[in-house]
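Undergrad: Just the structure for this:
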Amino acid sequence: MRLIFLFFRACGAYIARAWKTVKQSEFLFDKYVLGMIAVAAVINTVVWYYLSYAFHQPQDAFVTLHFTAALGADLIGEASEIYNAPFYIALVSGLNIAVARLMYSYDILLAYFLVTAVPVLNIFVLVNSVLLVSVNA
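TA: Numbering: from 1, shown residues only. Model prediction:
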């Protein structure tokens, strides 16, 4: 039991040190970085809202998940899988921001490129979501 207590105590100390480092970072106070993160968060929220509002299929129905002009529908799955793209892009966005945070102290320009990619990815997912809803309408 003591070993478990010591483990959680060490984890708590590590998290406290990490949070102190994040608070002292200039990355979170950079206006460009905050702007890009805010724009990406708004776009991702719009994607989730648009899919929940515009997509009216039963969750067990089959829908087209990928469509090409040359081949037509080439990926069909359950309706709940239409939410996979925004979920994975949210994860990739978080990972991109974490890597940009690590790179910020070494190369600010590379960190800016990584942070700029976050809203661009979210814009692509928004366009993809609009096209998927129109294909399945």
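
Undergrad: Apart from its neighbours in sequence, what residue is nearest Leu110?
TA: Met103 (5.1 Å; C-beta to C-beta, 6 or more residues apart in numbering). In this view, the C-beta of every residue, glycine as well, is placed from N, C-alpha and C.

Undergrad: Buried by neighbour count: which residues of whichever strand or helix holds Val120 qualify?
TA: Following DSSP states H and E, one finds Val120 within helix 108-135. By 16 or more other C-beta atoms under 10 Å, the buried positions in helix 108-135 come out as 108, 111-112, 114-119, 121-122, 125-126, 128-129, 132-133.

Undergrad: And that helix, what does it pack against?
TA: helix 31-54, strand 62-68, helix 84-104 (3 or more C-beta pairs under 8 Å, 6 or more residues apart in numbering; DSSP states H and E).

Undergrad: what's the least confident stretch among these?
TA: Lowest mean pLDDT of the helices and strands packed on helix 108-135: strand 62-68, a mean of 71.

Undergrad: Confirm Ile76 sits in a strand?
TA: Yes: Ile76: assigned to a strand according to DSSP: H, G, I helix; E, B strand; the rest coil.
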